[in-house]
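A.B. asks: What follows is a predicted protein model with its sequence.
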Amino acid sequence: MTLPPDLDKLSAAALQEVVIQLLGEVADLKRTNAELRAEIARLKGLKGPPTLKPSGMDTATELARPVSAGPRQRRGKVRPRVSIEDRVLPVAAPDGSRFKGYEPYLVQDLVLSVQAVRYRRERWQTPDGQTLTAPLPDGTQGHFGPNLRRFVLMQYHQGQSTLPRLVALLQSLGLAISKREAQRLLTEGQEGFVDEAREVLRAGLAHSSWVSADDTSARHRAKNGFCTQIGNDRFTWFGTRSAKSRLNFLDLLRAGHTDYVLNEAAFGYMRSRGLAGPVIARLIAAGVTHFADAAAWQAHLDRLGIAARSGAGLAVIQDPVTIATEGAQWGSIQAHGFLRDAVVLSDDAGQFTVGRHALCWVHAERLVHKLEAFTDWQWAAQARMRKLIWDFYADLKLYRLNPSQSRRLALRARFDRIFRRRTGFVTLDRLLARLHANKAELLRVLERPEIPLHTNGSENDIRCQVIHRKVSAGTRSEAGRDCRDAFLGLAKTCAKHAIAFWDYLGSRLNVAEQALIPYLPDLIRCRGQPV
């Protein structure tokens, strides 16, 4: 900022404006300095600063529950999910006593025991000279049975136990198992679970009216990466990659498919991103619409002469290769039947802005909540705007329960009145203008009342990845990374369908007398069908 030559000649009001402006610049510098310190602390492995507490808008605007006229309903007894064994406990009663029946008293206990079985497998030699050996029981992998495999997977993924502690626990129970053998139980022979997790994602993308997405940092092969969560109230899926660009997000939305498709959806995406008309015309004129993998797609771009704009000192505003590739990925997503007319709900992160996009209201209000004010009138303006936003958010919740055309029009007009206000607090006014520019995405709920108003579900789901990162650091192999993401996603999906993860693992590992758990993608497809 350039100061006037003589501050003594300024009036009190002008001096106050200068002070407020300087305080704002100091606050920005402090914020930048805090972010740099936090980054340095993260790279050094130090404890970072405390996070900003939530504003409480979602909790404060919860709809009032009707008060029942009857007595308060109690929680009730917690009943075990196993069969109950009856045992009679006798007591020595004195002579002349009368028997008055039994007093039930339920006791739950846990039995941990190690069983070692030496199978003597019959061997026969057939008339043609071949050797016939009796097969091992179902679920046996190596020298470990299905119940042990189930316990290891349960404790490591859902129990969030570290591998050394898990091995120490197993050895203390009497098992002869090493850390390497336990690692093999976690990563080897798990292709069926990884495939089911991928099918869960495909079923969710194909049969859901909305999905939410979020990401967090992750470590893989001693390098920083990002874990992306995709899900809704019916499924959860995780994918860890080295970047979190829009290209990466679109690749994850392809759910394992590697093809690139040029169709109307792809060209519509390119136009919405501002790709030059001659480039789109060149792609249409080529006639080829399907490419098996990234190499075939890149070869097609090279044949058409579409190259990335790069060079020393050249500022690239629009990369035609990136936009065309994003469009071809979006075309592949649509061609496989994913996200057709579905809404993608996220925070204001740019990589998630694809298709029909909706923004989280909690993240939007948080910008106003954490805004720094320096004078009484600035604090008053901030508090007044937060009150207006909270009231509007509460009415959006009511609208979701009973949507109507008249209320939709009234809420749109009210949104304009709130976010077009000018308070005189320059930073707040700029923030309100920014939020008003996102009107279509913030008010997506008016046309799609079934979508949530926030991404709390994604943040709750991805918390298990954060805990796993803190407890067990990162992964070393591709199989370890895929297994971690698959099992954590399957555990979350089981919880959303009221399925115990222990029962799910027992069903998939062919544990004796374990009830059959349905294929999770089939459950998602069934819940996605109209009643």
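C.D. replies: Happy to help now that I have it.

A.B. asks: secondary structure class for the most centrally placed residue in the chain?
C.D. replies: Centroid-nearest residue in the chain, with CA atoms, centre = their mean: residue 229, separated by 2.8 Å. When classified by DSSP: H, G, I helix; E, B strand; the rest coil, residue 229 comes out as strand.

A.B. asks: Report how many residues lie close to the residue nearest to it when sequence neighbours are not counted.
C.D. replies: Spatial nearest neighbour of residue 229, excluding adjacent residues (CB to CB, 6 or more residues apart in numbering): residue 462 at 4.4 Å. All C-beta atoms are positioned from the backbone trio N, CA, C, and that covers glycine. Using other CB atoms under 10 Å, residue 462 has 23 other residues around it.

A.B. asks: pLDDT wise, what is residue 462 at?
C.D. replies: Note on residue 462: pLDDT of 95.

A.B. asks: just checking, what packs against the helix or strand containing it?
C.D. replies: Per DSSP states H and E, residue 462 falls inside helix 456-472. Using 3 or more CB pairs under 8 Å, 6 or more residues apart in numbering; DSSP states H and E, the elements in contact with helix 456-472 are strand 210-220, strand 223-231, strand 236-241, helix 478-496.

A.B. asks: right, so of these, which gets closest to residue 445?
C.D. replies: With CB to CB, the closest approach to residue 445 among the helices and strands packed on helix 456-472 belongs to strand 210-220: 10.0 Å.

A.B. asks: got any ranges where the stretch 201-350 of the chain has weak pLDDT?
C.D. replies: 309-317 (pLDDT under 70).

A.B. asks: Let me see the ranges of the strands in it.
C.D. replies: With DSSP state E, counting those that start in this stretch as the definition, the stretch 201-350 of the chain shows strands at residue ranges 210-220, 223-231, 236-241, 260-261, 290-291, 343-346.

A.B. asks: Provide the strand pairings for the fourth one, with the direction of each partner.
C.D. replies: If you go by DSSP bridges, strand 260-261 pairs up with strand 290-291 (antiparallel).

A.B. asks: List the contacts of the strand it pairs with.
C.D. replies: 259-262, 297, 300, 328 (CB atoms under 8 Å, 6 or more residues apart in numbering).

A.B. asks: Turn the residues you listed into CSV, columns for distance to residue 382 and neighbour count.
C.D. replies: Output for those, formatted as CSV (distance: CB to CB, whole Å; neighbours: other CB atoms under 10 Å):
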residue, distance to residue 382, neighbour count
259, 50, 18
260, 48, 27
261, 48, 22
262, 49, 25
297, 49, 24
300, 53, 18
328, 45, 27
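
A.B. asks: Nearest to residue 200 among those residues?
C.D. replies: Closest to residue 200, out of all of those and judged by CB to CB, is residue 259, at 20.7 Å.

A.B. asks: what's the distance between that closest one and residue 328?
C.D. replies: According to CB to CB, to the nearest Å, residue 259 and residue 328 sit 9 Å apart.

A.B. asks: what's the answer for residue 8, then?
C.D. replies: Look at residue 8 and residue 328: by CB to CB, they are 65 Å apart.

A.B. asks: Model confidence at the residue lying closest to residue 420 once chain neighbours are set aside, what's the number?
C.D. replies: Closest residue to residue 420 apart from its sequence neighbours, by CB to CB, 6+ apart: residue 436 at 6.1 Å. pLDDT, residue 436: 96.

A.B. asks: Next: residue 2.
C.D. replies: 58.

A.B. asks: Repeat that for the one 4 residues further on.
C.D. replies: The per-residue pLDDT reported for residue 6 equals 68.

A.B. asks: how many other residues sit next to residue 9?
C.D. replies: Other residues close to residue 9 by other CB under 10 Å number 8.

A.B. asks: do you know how far it is from residue 231?
C.D. replies: Noted for residue 9: a distance of 62 Å to residue 231, by CB to CB.

A.B. asks: Repeat that for residue 527.
C.D. replies: 13 Å.

A.B. asks: ok, the two, which is more surrounded?
C.D. replies: residue 231 (25 against 15).

A.B. asks: end to end, how far does stretch 337-347 reach?
C.D. replies: 25 Å (CA to CA, to the nearest Å).

A.B. asks: In contact with the closest residue to residue 115 other than its chain neighbours, which residues?
C.D. replies: Spatial nearest neighbour of residue 115, excluding adjacent residues (CB to CB, 6+ apart): residue 145 at 7.8 Å. Counting by CB under 8 Å, 6+ apart, residue 145 touches 115, 117, 137, 139.

A.B. asks: Please, a PyMOL command that selects the buried ones among those residues?
C.D. replies: Listed next is the PyMOL selection for buried residues among those, using 16 or more other CB atoms under 10 Å:
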select buried, resi 139
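
A.B. asks: All good on my end, thank you.
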